[in-house]
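1. Got a predicted model here, sequence first, then my questions.
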Amino acid sequence: MLRIDAQGMPYRELNQRIRDAVRAGETNFVLDNVNGQRYIGTGLEASEVRITIRGVPGNDLAAFMNGPEITVWGNAQDGVGNTMNAGTVVVHGGAGDVLGYGMRGGKLFVRGDVGYRVGIHMKEYRDLVPVLVVGGVAGAFFGEYMAGGRLVLLGLGRPDGAPLAGDYLGTGMHGGVIYLRSRPEEYTLGREVKLFDLDDSDWAFLEPLLKEFCCHYGLDSARVRAAEFCKLLPVSHRPYGRLYTP
């Protein structure tokens with residue numbers, strides 16, 4: 001195991017040390033005192049690599065990542081999982097905006113709340129289906145322009161009557177599925193989506209995923225499961241086609 005004290009370390013130096021160590025065969029990292037260093041895990045292509053972060057990583061954590069597993073014992077900033085291809089990220093706090101931007105595969109779990117435009121432009125191809133699970137609530141434009149993948153929003157711990165997500169939920173969505181652990185008001189939805197009840201195939205996907213989420217955070221999966229779930233689906237695969245020249 002390689003332990004690195006990142007206190008005061010420039011992000012370029014930190015990331016270079018990680019890349020050099022991976023090339024030398026190291027697979028297990030603990031990064032202490034992380035405080036805003038960007039691009040941790042970006043572009044790494046080693047499925048056996050495990051990175052534990054103690055602190056708050058900066059923007060674009062796990063961007064373009066292809067395989068490693070990253071655990072954050074703290075909050076995360078913007079752009080986690082940007083265009084991520086494979087691997088797992090587990091955040092034990094909250095996170096910022098544009099999580100999972102263009103995400104193409106892998107799994108991203110966040111225990112707390114997230115910001116705006118989470119899941120924007122997520123996509124999928126054949127067996128590459130990205131998954132992003134948020135334990136808390138989300139800001140506006142959740143799932144904006146989503147083209148594929150699965151978003152799950154649980155709203156755990158929110159006050160009674162508080163919204164699960166901000167307005168414009170699923171705006172421009174034309175692929176994928178958004179699972180919600182309560183039924184939002186219709187006026188908060190984008191024009192391109194509608195709410196549906198879950199069927200057996202949805203639960204076949206959701207139940208093991210909820211168990212995995214709860215295992216990461218020491219939660220009772222039966223209690224998380226025991227709530228009204230619904231799903232948001234696009235009703236058009238080309239919502240803005242009429243705005244462009246054929």
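-> Happy to help now that I have it.
2. can we go C-alpha only for contacts and neighbour counts from here?
-> Fine.
3. Outside of the longest helix seen in the chain itself, which residues are in contact with it?
-> Secondary structure of the chain read by DSSP state H shows that its longest helix is helix 200-217. Outside helix 200-217, the residues within contact range by Cα atoms under 8 Å, 6 or more residues apart in numbering are 90, 92, 109, 111, 133, 220, 221, 224, 225.
4. so of those residues, which ones are in strands?
-> 90, 109, 133 (DSSP state E).
5. Just the buried ones from these, in ChimeraX syntax?
-> Filtering the ones in strands among the contacts of helix 200-217 down to the buried ones (16 or more other Cα atoms under 10 Å) takes a single ChimeraX command:
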select :90,109,133
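6. Format the ones in strands among the contacts of helix 200-217 as CSV; extra columns: distance to residue 201 and pLDDT.
-> Formatted as CSV, the ones in strands among the contacts of helix 200-217 follow (distance: Cα to Cα, whole Å; pLDDT from 0 to 100):
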residue, distance to residue 201, pLDDT
90, 25, 98
109, 22, 98
133, 18, 98
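7. Residue 146 touches residue 117, doesn't it?
-> No: judged on Cα atoms under 8 Å, residue 146 makes no contact with residue 117 at a distance of 10.1 Å.
8. just the contacts of helix 200-217 now: which is nearest residue 32?
-> residue 92 (15.2 Å; Cα to Cα).
9. confidence score at that closest one?
-> Here the pLDDT value assigned to residue 92 is 98.
10. wait, isn't it in contact with residue 70?
-> No: applying Cα under 8 Å as the test, residue 92 and residue 70 come out as separate, 11.0 Å apart.
11. More neighbours: which of those two?
-> Counted by other Cα atoms under 10 Å, residue 92 and residue 70 do not tie: residue 70 has more neighbours, with 23 against 19.
12. How is the more buried one assigned, secondary-structure-wise?
-> The assignment at residue 70 comes out as strand when based on DSSP: H, G, I helix; E, B strand; the rest coil.
13. ok, now which ones touch it?
-> Listed by Cα under 8 Å, 6+ apart, the contact set of residue 70 reads 41, 50, 51, 52, 53, 62, 88, 89, 90.
14. at 10 Å what do you get?
-> Residue 70 is in contact with 29-30, 40-41, 49-53, 61-62, 87-91, 108, counting by Cα atoms under 10 Å, 6 or more residues apart in numbering.
15. One more: residue 110?
-> 72, 75-76, 89-95, 99, 132-136, 153, 213, 216-217.
16. List only buried entries from the residues you listed.
-> The neighbour count (16+ other Cα under 10 Å) marks 72, 75-76, 89-95, 99, 132-136, 153, 213 as buried among the contacts of residue 110.
17. where do the helices sit along the protein?
-> 11-23, 200-217, 221-225.
18. Now distance to residue 124 and mean pLDDT too, for those, in JSON lines please.
-> Formatted as JSON lines, these follow (distance: least, Cα to Cα, whole Å; pLDDT from 0 to 100):
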{"stretch": "helix 11-23", "distance to residue 124": "28", "mean pLDDT": "97"}
{"stretch": "helix 200-217", "distance to residue 124": "16", "mean pLDDT": "97"}
{"stretch": "helix 221-225", "distance to residue 124": "26", "mean pLDDT": "95"}
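19. would you turn those into CSV with distance to residue 157?
-> Below are these laid out as CSV (distance: least, Cα to Cα, whole Å):
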stretch, distance to residue 157
helix 11-23, 34
helix 200-217, 14
helix 221-225, 11
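20. low-scoring pLDDT stretches of the protein, where are they?
-> Applying pLDDT under 70 to the chain flags the ranges 237-246.
21. again, only using 80
-> Along the chain, segments meeting pLDDT under 80 span 236-246.
22. how deep is residue 198 tucked in, by neighbour count?
-> Residues within reach of residue 198, counting by other Cα under 10 Å, total 15.
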